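> Predicted model and sequence below, questions to follow.
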Amino acid sequence: MLKKLENEVQTFNARRSLIAVLIIIGISIIISRFLPDDPYNFGPASLIPALFLIVYIFTTKRILEALILASVMGFIMVSQGDVLGAFSGALLGVMMNEDIAWLFIVCGLMGSIITLIERAGGAFAFGEWVATKAKTRKSSLIYTWILGIIVFIDDYLNSLTVGSCMAPLTDKYKVPREFLSYVVDSTAAPLCVLIPITTWSIFCSRLLEVNGWAPAGDGLKYFILTIPFNFYAWIAAFIVPLIILGIIPIFGPMKKAEQRVKDGGPIAPAGSEKIDIRGGETMELPSNPKIMNFLLPLLVLVCSTIYFDLDMQIGVLCTMVFMFITYLGQNIMSAEEFTDIALKGLKNMILPLMLMVLAFLFAEVNDQIHFTYYMISTSSKYMTPALMPFIIFIVLAFTEFITGTNWGMYIIALPIVIPLGIGLEANMPLSIAAVLSAGVFGSHICFYSDATIITSAATGCNNFDHALTQAPFGILAAVLSAICFLIAGFIF
């Protein structure tokens, strides 16, 4: 069966693909005729677009196409005939969403910052310095993991800086890009929910106040109560060095990636150049590359983000201004070249940003058909105070694997989980931690989550292969986390 699917991917036929798309749309229209008028009553039918998406991705490996078709399927179900109008309106709403605007500004300019650092020789000088410390394959990956822990302020900042800067060093030691991507991704979102001064902690703290668990102004104090119970984040982050050191053996698709490189194959899987933030090109370097041209912009980025209440948008703007002054002041580049390189960095982020827009669009239609609501309301029938954290984690981990919108899921799930937990007299820090853990799992494992896409762009690894190879390790962490939630539910 797998060989047939691989052959289908390799022998792609445009006409057969068109027929398949028309059949999918036709089936969706037929299904929509039998659905209730109110999407709240769709019941199990709300799972159809999500299940289709997963099957289509694994069959074709074409994530952009899968997101579009799954979204169209969902809009057929809720549009009452006006599919184009519903699709267009939702797409416009997504594009006008403040979060998407923030993504375009922050991620686009982060692309510019990384490209400018590379052109200024900062990344090269940093790589040369780290190479004097990390003299083996294992130590290069351990340093990647340590740097990921240090840059904890935001998962985007973490993935983009650590991934892009460490790729040249791990390439030197023939580390598959899939392995690098896994290490980077596992110290991004997981660390952000374990440290109280991150963009995630501030966002979640506010939600705890808005939804009535934490008193106004005390959201962060209550968020801190969840940290010891955020099992997935702890386990996912600390499994990494065990795998690097060989204590936990490499298995699954990652083992095949390792074998590919050992056999003299490419370091990056096929198609990675499309998403690579560096565009697969080698930059011209100054005659005397300086490590300060890497460290100072990164320091300005982190410090300005913290200073302006963890506002990363202001942080990237401050960093761009700082780099303009320092790079032109050192005569490394002209103002015209600075602009050209910044635009090139923006261009390299187009595919990742497009993937995120489509992921948000799919999440929007899932909201309209009440996918997450159906999953939680159905599972709530089986909840007891002791079982609630375990059930919440399992159910929301599944929904997050489908939707990949961690913060979006928090907005939907917490208003349901908090009153439910209070009503059942469940352990609230443990129950909230189950929600947060599920969000981290989705961010970590979903094929089209923002974290997966950003990490893939930073490390130069095809996002399908990145997600596929790290999934077994994420699932291992999720299984261990589920066991911890089950035990903790009865103990606490």
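Ah, there it is. These numbers were taken from a predicted model, which means no experiment stands behind them.
> and A216, how many neighbours?
7 (other Cβ atoms under 10 Å). C-beta: built from backbone N, CA, C; applies to glycine.
> got it, and I248?
14.
> surely it meets L242?
Yes. With contacts counted by Cβ atoms under 8 Å, I248 reaches L242, the gap being 4.5 Å.
> tell me which residues in stretch 291-311 are buried?
291, 293-294, 296-298, 300-302, 304-305, 310-311 (16 or more other Cβ atoms under 10 Å).
> now do stretch 239-259
By 16+ other Cβ under 10 Å, the buried positions in stretch 239-259 come out as 239-241, 243-244, 250, 253-254, 257-258.
> Equivalent analysis for stretch 202-216, please.
Those would be 202-205, 207-209, 211, 213-214, for stretch 202-216 by 16+ other Cβ under 10 Å.
> Would you mind giving those residues as TSV with secondary structure added?
Shown next, in TSV, are the buried residues of stretch 202-216 (DSSP: H, G, I helix; E, B strand; the rest coil):
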residue	secondary structure
I202	helix
F203	helix
C204	helix
S205	helix
L207	helix
L208	helix
E209	helix
N211	coil
W213	coil
A214	coil
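> one step back: for the buried residues of stretch 291-311, point out the one with the lowest pLDDT.
Among the buried residues of stretch 291-311, L310 has the lowest pLDDT, at 79.
> tell me the SS of that one?
Under the three-state scheme (three-state DSSP), L310 adopts coil.
> and if you look at the one 10 residues further on?
The three-state assignment at M320 reads helix, by three-state DSSP.
> How about the contacts made by the nearest residue to it once chain neighbours are set aside?
For M320, ignoring the flanking residues on the chain, the nearest one in space by Cβ to Cβ, 6 or more residues apart in numbering is L109 at 6.1 Å. L109 sits next to 316-317, 320, 342, 345-346 when contact means Cβ atoms under 8 Å, 6 or more residues apart in numbering.
> Just the pLDDT for L109.
90.
> next structured bit after whichever strand or helix holds it?
Assigned by DSSP states H and E, L109 belongs to helix 98-119. Downstream of helix 98-119, the next assigned helix or strand under DSSP H and E is helix 122-133.
> who does that following helix touch, helix- and strand-wise?
Where contact means 3 or more Cβ pairs under 8 Å, 6 or more residues apart in numbering; DSSP states H and E, helix 122-133 is packed against helix 98-119, helix 137-150, helix 155-172, helix 292-307.
> What residues of the first one count as buried?
For helix 98-119, the buried set under the neighbour-count rule, 16+ other Cβ under 10 Å, comprises 100, 103-104, 106-119.
> The second one too?
For helix 137-150, a neighbour-count test (16+ other Cβ under 10 Å) marks 140-145, 147-149 as buried.
> how far out from the middle of the chain is it?
20 Å (Cα atoms, centre = their mean, to the nearest Å).
> Now do that helix against helix 155-172, angle only.
170 degrees (axes from the mean of the first three to the mean of the last three Cα atoms, to 10 degrees).
> counting contacts, what elements does the helix or strand A488 falls within pack onto?
Taking DSSP H and E as the criterion, A488 maps to helix 463-491. For helix 463-491, the elements it packs on are helix 177-185, helix 231-244, helix 253-262, helix 388-403, helix 428-445, helix 450-459, judged by 3+ Cβ pairs under 8 Å, 6+ apart.
> Tell me which of these sits nearest to T326.
Across the helices and strands packed on helix 463-491, T326 has its closest neighbour in helix 450-459 (22.7 Å, Cβ to Cβ).
> what's the angle from that closest one to helix 428-445?
Per the same axes, to 10 degrees, the angle that helix 450-459 makes with helix 428-445 is 40 degrees.
> tell me which strands and helices helix 450-459 is in contact with?
helix 98-119, helix 155-172, helix 177-185, helix 350-368, helix 428-445, helix 463-491.
> Can you give the distance of the third one from its chain's centre?
To tie it back to what came earlier, the one meant is helix 177-185. Distance of helix 177-185 from the chain centroid (Cα atoms, centre = their mean) equals 12 Å.
> Beyond it, next helix or strand please.
Going down the chain from helix 177-185, the next helix or strand is helix 189-192, by DSSP H and E.
> Residues touching that following helix, excluding its own?
Outside of helix 189-192, the residues within contact range by Cβ under 8 Å, 6+ apart are 148-149, 152, 154-155, 158, 198-201, 232-234, 236-237, 406, 440, 443-444, 451.
> how about a cut-off of 7 Å?
149, 152, 154-155, 198-200, 233, 236-237, 440, 443-444, 451 (Cβ atoms under 7 Å, 6 or more residues apart in numbering).
> What is the most widely separated pair among these?
Most distant of the contacts of helix 189-192, by Cβ to Cβ, are T199 and A236, 18.3 Å apart.
> Among these two, which residue is more densely surrounded?
Legend: neighbour count by other Cβ under 10 Å for T199 and A236, higher for A236 (29 against 18).
> Pretty sure that one sits against S186.
Yes. The criterion here is Cβ atoms under 7 Å, and A236 meets it with S186 at 5.4 Å.
> From the chain's centroid, how far away is stretch 440-460?
Taking mean C-alpha positions (Cα atoms, centre = their mean), stretch 440-460 and its chain are 3 Å apart.
> typo on my end, stretch 402-418
Chain-centre distance of stretch 402-418: 15 Å, with Cα atoms, centre = their mean.
> And the contacts of it?
By Cβ under 7 Å, 6+ apart, stretch 402-418 touches 50, 203-204, 207, 211-213, 359-360, 363, 366-367, 372, 376, 392, 396, 399-400, 431, 435, 439-440, 442-443, 446, 448-449.
> filter those residues to the buried ones?
50, 203-204, 207, 211, 213, 359-360, 363, 366-367, 372, 376, 392, 396, 399-400, 431, 435, 439-440, 442-443, 446, 448-449.
> domains of the protein?
1-96, 98-190+236-350 (automatic domain parsing).
> mind checking the end-to-end distance for the longest one?
The first residue of domain 98-190+236-350 is 18 Å away from its last residue (Cα to Cα, to the nearest Å).
> Same check on stretch 305-317?
10 Å.
> how about the contacts of helix 189-192 in CSV, adding pLDDT and distance to G265?
Listed next are those as CSV, based on pLDDT from 0 to 100; distance: Cβ to Cβ, whole Å:
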residue, pLDDT, distance to G265
I149, 89, 31
F152, 79, 34
D154, 81, 34
D155, 84, 30
T198, 85, 37
T199, 81, 38
W200, 87, 37
A233, 94, 34
A236, 94, 28
A237, 92, 30
V440, 92, 32
S443, 81, 29
H444, 85, 26
A451, 85, 27
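> just these now: which is nearest I275?
Nearest member of those to I275, counting by Cβ to Cβ, is A451, at 13.7 Å.
> Return the closest of the buried residues of helix 137-150 with respect to G423.
I149 (38.2 Å).
> I'd say the closest one and T187 touch.
Yes. If you go by Cβ under 7 Å, I149 and T187 touch, sitting 5.7 Å apart.
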